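Participant: give me coordinates for this.
(one chain, ligands or ions: 1)
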Amino acid sequence: MPGLSITLQDVTKSFGSEAVLKDINLSIKEGELVSLLGPSGCGKSTLLRIIAGLERAEAGSIRLGEQVVDALPAGARDLAMVFQSYALYPHMCVADNIALSLEMTELSALQRLPLLGRVLPGSRAIRQAISNRVRQAADLTEIAHLLRRRPAHLSGGQRQRVALARAMAREPGIFLMDEPLSNLDAKLRISMRSEIVDLNKRIGATFLFVTHDQSDALAMSDRIALMMGGRIRQIGTPQEIYDSPSHLDVASFIGQPVINLFPVNVDSAGRVRLVNGTQPFGGCSLPNGSAKVGVRPEAFDIVASEPLGTRFALTARLDRVERMGAEVLIRCRTMALGASATCRLSVDQFDEVSATGILSGAFHLVAQKRGVHLFDEEGNAAAFHPLLRTEMEVAK
Ligand SMILES: Nc1ncnc2c1ncn2[C@@H]1O[C@H](COP(=O)(O)OP(=O)(O)OP(=O)(O)O)[C@@H](O)[C@H]1O
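Facilitator: Got it, this is the predicted structure:
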């Protein structure tokens, strides 16, 4: 199943007066697994349905491989869609559910007739080919032993696999999936994630799936297209989106617990200070004004005294400790700003910090080298240059 590329150019859609998709541009490579991630109502499903041909765009163009498909009906596009509800027919066994769409496309109306259809010329060979494809798809999704069961007698994960097998049997170049994991319990969800990724790598088709769950997107995707308010705000690998968010909204949406944000001022020389701080901790090329600094929870070290050469440090006191199993969240309050801050430590790191006794009094949160992000007044990411201690002394 060679994958097909997907190219969206200025795709726009409104429902009534509500602009749901605004100039969407997106290029997905053959065989890539890309997720459309974003909050509820941002337009993800609408975009997927437009690519599938189930909904029409008002403006813009869609190319699948080299073919512009804007005028093609859904059935003529080389893709298969897997819905959140799986959309299986309850009165049919698994094999018939998988075979149905093949029978609709490969057999003529006469050949589909219950008794007569089976004896018409050509019918037997086509049915045999369909049956082979059903078997192949069932083998790939490991449901061959379930082919005679009805959907009601399957678990959620098995139904999900049937829906995937049905899509695969059509041998499409593109799989579109709308929240494929949202009906599964937490454990199954995690194992289905790797099954979908394996399937994508094994069959080579292009996968585009919609999710509002950042952990699905981070765990599975070659690239994430992050959508907000009908626009794609950023597209990149999970690591790029996490490490280099292009906007405050992206930084706040991705990451659990959420990124810590602190208000800062930029002076006319581009020096960055906390709103009520005197000492600059970095420089930037933003104009004089207010901005925000973001620090990921795992990018703070907790230390007794403010070290030399630090990029960004705050004095804080402990609010509470939340033990999450393999990691520990330290919820604290920064003294100068009165703002809350969260640090994420491994259990070993926590035990080390805790043994020093510093959590019982005032301590310092020191941002690690790659942990500081600067955002301008509109929320756009801005380049940030840490000042070394010697420069800070001079700048005072
Ligand atoms: N057929 C429709 N008629 C009118 N409005 C619609 C229709 N379909 C979607 N919308 C609106 O378009 C917006 C985007 O909906 P869409 O389902 O694409 O969002 P989504 O990001 O997939 O959300 P969710 O994660 O909740 O499924 C929403 O405000 C929704 O109410």
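
Participant: let me see the ranges of the helices in the stretch 1-150 of the chain.
Facilitator: Here the stretch 1-150 of the chain has its helices, by DSSP state H, counting those that start in this stretch, at 44-52, 94-106, 116-119, 123-140.

Participant: which other helices and strands contact the longest one?
Facilitator: Read it as helix 123-140. Helices and strands touching helix 123-140, as assessed by 3 or more Cβ pairs under 8 Å, 6 or more residues apart in numbering; DSSP states H and E, comprise helix 94-106, helix 116-119, helix 156-169, helix 186-203. Yep, even glycine has a C-beta here, placed from its N, CA and C like the rest.

Participant: and the residue of the stretch 51-200 of the chain found nearest the ligand, its phi and psi?
Facilitator: The stretch 51-200 of the chain approaches the ligand most closely through residue 179 (7.0 Å), counting by Cβ to the nearest ligand atom. When quoted as degrees, to the nearest 10, the phi and psi of residue 179 stand at phi 50, psi 60.

Participant: burial count for it?
Facilitator: Using other Cβ atoms under 10 Å, residue 179 has 19 other residues around it.

Participant: how about it, what does it touch?
Facilitator: Residue 179 sits next to 84, 209-212 when contact means Cβ atoms under 8 Å, 6 or more residues apart in numbering.

Participant: out of everything not next to it in sequence, what's closest to it?
Facilitator: Nearest non-adjacent residue to residue 179, counting by Cβ to Cβ, 6 or more residues apart in numbering: residue 84, 4.2 Å away.

Participant: ok, now residue 305?
Facilitator: Spatial nearest neighbour of residue 305, chain neighbours left out: residue 364 (6.7 Å); criterion: Cβ to Cβ, 6+ apart.

Participant: before we move on, what about residue 286?
Facilitator: Closest to residue 286 by Cβ to Cβ, 6+ apart is residue 266, at 4.8 Å.

Participant: which phi and psi does that neighbour have?
Facilitator: Backbone torsions for residue 266, taken as degrees, to the nearest 10, come to phi -110, psi 130.

Participant: hang on, it packs against residue 293?
Facilitator: No - contact criterion Cβ atoms under 8 Å: residue 266 and residue 293 do not qualify, at 10.5 Å.

Participant: before we move on, the earlier item: near the ligand too, which of the contacts of residue 179?
Facilitator: Taking Cβ under 6 Å from any ligand atom as the test, the ligand is in contact with residue 212 out of those.

Participant: which among the contacts of residue 179 gets closest to the ligand?
Facilitator: Using Cβ to the nearest ligand atom, the contacts of residue 179 come closest to the ligand at residue 212, 4.5 Å.

Participant: ok, residue 370 touching residue 243?
Facilitator: Yes - look at residue 370 against residue 243 with Cβ under 8 Å: they come within range, at 7.1 Å.

Participant: among the two, which residue is more densely surrounded?
Facilitator: residue 243 (14 against 11).

Participant: you'd agree the more buried one is up against residue 373?
Facilitator: No - using Cβ under 8 Å, residue 243 is not in contact with residue 373, being 9.2 Å away.

Participant: quick one on the thing from earlier: what sits in contact with each of residue 266 and residue 293?
Facilitator: residue 272.

Participant: what about residue 295, distance to the ligand?
Facilitator: Counting by Cβ to the nearest ligand atom, to the nearest Å, the gap from residue 295 to the ligand is 29 Å.

Participant: what pairs with that residue across the strands?
Facilitator: residue 260, residue 372 (DSSP bridges).

Participant: pLDDT value on residue 162, please?
Facilitator: What the model reports for residue 162 is a pLDDT of 90.

Participant: count the residues that sit near it.
Facilitator: 26.

Participant: now it. Nearest residue, chain neighbours left out?
Facilitator: What sits nearest to residue 162 in space, not counting adjacent residues and going by Cβ to Cβ, 6+ apart, is residue 94, at 5.2 Å.

Participant: ok, how many other residues are close to that neighbour?
Facilitator: The burial count for residue 94: 27, using other Cβ under 10 Å.

Participant: neighbours around the residue of the stretch 251-396 of the chain found nearest the ligand, how many?
Facilitator: Residue nearest to the ligand within the stretch 251-396 of the chain: residue 253 (12.7 Å; Cβ to the nearest ligand atom). Using other Cβ under 10 Å, the number of residues around residue 253 comes to 21.
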